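Q: please find the sequence and the predicted model below.
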Amino acid sequence: MGLACVLCCAAALAQTAPTSQSADANAANTQAAAAAQPAATPQPPAQPGDKSNPDTFKVSVNEVYLVFSVTDKHGAFISDLKQSDFALLDDHKAPAQVYSFTQQTNLPLRVGILIDTSTSIRQRFQYEQQAAKAFLLQVLRPATDKAFVEGFDVTPDYRQDWTNNLDALESGIDSLQPGGGTALYDAVYSGCRDKLLTARGQEPVRKVIVLVSDGDDNQSHAYLDDAIKECQRADTNIFAISTNVSPSRDKGDDILKKMAIATGGKAFFPDSVEDMPVSFTAIQNELRSQYALVYKPADFKADGAFRPIYLFCMDRRYTVRVREGYFAPTS
């Protein structure tokens, strides 16, 4: 980008618009592209699930709600930055208006726990179950947060719908049984389409998938790009924990990393199954260490097109972790 464009972008981000006259309208507008309908992509088999989610409500199309994290070169979170410390481009243009910038360390969470139950992870499956349950016990606040449990081998297998009941979530994880092939892309696609796309409350929420898998896929109807795009439509970050503990990395690790980067999350590669709780703890820390930005894109069109996002910190010692973009809804 040219210097003039970056300076223009920084100036736009440094100016916050006056508060809306209607609190209800403003709350309804904060989620822009997440309400977009899925485009025509290869569809995995329909899965059971309650489509009448009580968290669902309609939103406007002309604002974007963006959550992101900032780290230094050592991976430590930076939590004291100001709005003027960032510059943003949406579809290669500075935003038309910035409505708010906050440090949202306590956003309500909507967490999808996706656990690979294919034959390839049978030997370490019980340990993965224990680590996932410990993670939910540590991160989930019953008053504000919700989660669901989805296992997958050849098909997605929902064992617990949205709930804040820890006992129910633990039972859902315990009921998973390993066996069969691996339909990773179908599982991620289905979880975003059927659960996370409409997972909203009366305030902004942080939506994430915690994916425990070796990254291999040999059964999906959907493709890797379909799964990533559906996450972007659902405004969902993927935090992946690889179950490949061999000394060498393989194609599955690359897939997990690609999914995480494209959605603004992160992939973790423990050296052993005993190190898996460390990865869960790192995810927990990140979910409580982020910024939130609400803005109106310039030249916005409700045409279903993908709009890339470029967000960076003016202090180049810091790295911003954010999704690569979002899909505009269709009118």
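A: Received the coordinates, thanks.
Q: tell me who's in contact with the residue nearest to S279 when sequence neighbours are not counted.
A: Nearest residue to S279, sequence neighbours excluded (CB to CB, 6 or more residues apart in numbering): F268, at 3.7 Å. Where C-beta positions appear, they are placed from N, C-alpha and C, glycine not excepted. Neighbour list for F268: 239-242, 279, 282-283 [criterion: CB atoms under 8 Å, 6 or more residues apart in numbering].
Q: which residues does F268 form beta bridges with?
A: Per DSSP bridges, the residues bridged to F268 are I241.
Q: quick check, nearest of the contacts of F268 to R122?
A: Distances from R122 to those, taken as CB to CB, are shortest for S242 (16.2 Å).
Q: does the closest one touch K251 like I think?
A: No - between S242 and K251 there is no contact under CB atoms under 8 Å: 11.6 Å.
Q: and the two? Which one has more around it.
A: Higher neighbour count among S242 and K251: S242, with 23 against 12, using other CB atoms under 10 Å.
Q: what strand or helix carries M276?
A: Per DSSP states H and E, M276 falls inside helix 276-287.
Q: could you point out which element follows that helix?
A: strand 291-296.
Q: so what's in contact with S242 and K251 at the same time?
A: G215.
Q: from what I see, V210 and L136 are in contact.
A: No - in this structure V210 lies outside contact range of L136 using CB under 8 Å: 9.1 Å.
Q: beta partners for T71?
A: Under the criterion used here (DSSP bridges), T71 is bridged to F77, T319.
Q: would you confirm that it contacts R321?
A: Yes - in this structure T71 lies within contact range of R321 using CB under 8 Å: 6.9 Å.
Q: OK, contacts around the residue positioned nearest the centre of the chain?
A: Nearest to the geometric centre of the chain sits N237, at 1.5 Å (CA atoms, centre = their mean). Listed by CB under 8 Å, 6+ apart, the contact set of N237 reads 67, 206-209, 231, 260, 263-265, 323.
Q: what's opposite it in the beta bridge?
A: Residues found in beta-bridge contact with N237 (criterion: DSSP bridges) are V208.
Q: strands of the stretch 1-150 of the chain, start to end?
A: All strands of the stretch 1-150 of the chain, identified by DSSP state E, counting those that start in this stretch, fall at 64-71, 86-90, 97-103, 109-116, 146-152.
Q: possible to save these as TSV with distance to N165 and mean pLDDT?
A: As requested, those are exported to TSV (distance: least, CB to CB, whole Å; pLDDT from 0 to 100):
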stretch	distance to N165	mean pLDDT
strand 64-71	26	92
strand 86-90	38	97
strand 97-103	30	91
strand 109-116	14	95
strand 146-152	9	97
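Q: save the ones you listed as TSV, and put in mean neighbour count and distance to D217 too.
A: Listed next are the strands of the stretch 1-150 of the chain as TSV, based on neighbours: other CB atoms under 10 Å; distance: least, CB to CB, whole Å:
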stretch	mean neighbour count	distance to D217
strand 64-71	22	27
strand 86-90	24	32
strand 97-103	17	37
strand 109-116	25	10
strand 146-152	26	10
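Q: and this structure, what are its domains?
A: Using automatic domain parsing, the domain parsing of the chain gives 3-38+58-103+290-327, 109-287.
Q: point out the most buried one among these.
A: Counting by mean count of other CB atoms under 10 Å, domain 109-287 has the highest mean neighbour count of the domains of the chain, with a mean of 20.
Q: can you give me the end-to-end span of that one?
A: End-to-end span of domain 109-287 (CA to CA, to the nearest Å): 8 Å.
Q: distance from the chain centre to the longest helix seen in the chain, please.
A: Looking across the chain with DSSP state H, the single longest helix is helix 125-139. Mean-position distance between helix 125-139 and its chain equals 19 Å (CA atoms, centre = their mean, to the nearest Å).
Q: could you do stretch 226-233 as well?
A: For stretch 226-233, the distance to the chain centre is 10 Å (CA atoms, centre = their mean).
Q: for it, the averaged confidence score.
A: The average pLDDT for stretch 226-233 rounds to 96.
Q: just the C-alpha atoms of that stretch, please, in PDB.
A: Only the C-alpha atoms of stretch 226-233 are listed here, as PDB (Å, rounded to 0.1, in the frame of the first residue of the first chain):
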ATOM      1  CA  ASP A 226     -15.600 -24.300   1.800                       C
ATOM      2  CA  ALA A 227     -14.900 -24.900   5.500                       C
ATOM      3  CA  ILE A 228     -12.800 -21.700   5.700                       C
ATOM      4  CA  LYS A 229     -15.300 -19.600   3.900                       C
ATOM      5  CA  GLU A 230     -18.200 -20.800   6.100                       C
ATOM      6  CA  CYS A 231     -16.100 -19.800   9.200                       C
ATOM      7  CA  GLN A 232     -15.600 -16.400   7.700                       C
ATOM      8  CA  ARG A 233     -19.300 -16.100   7.100                       C
END
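Q: good, wrapping up.
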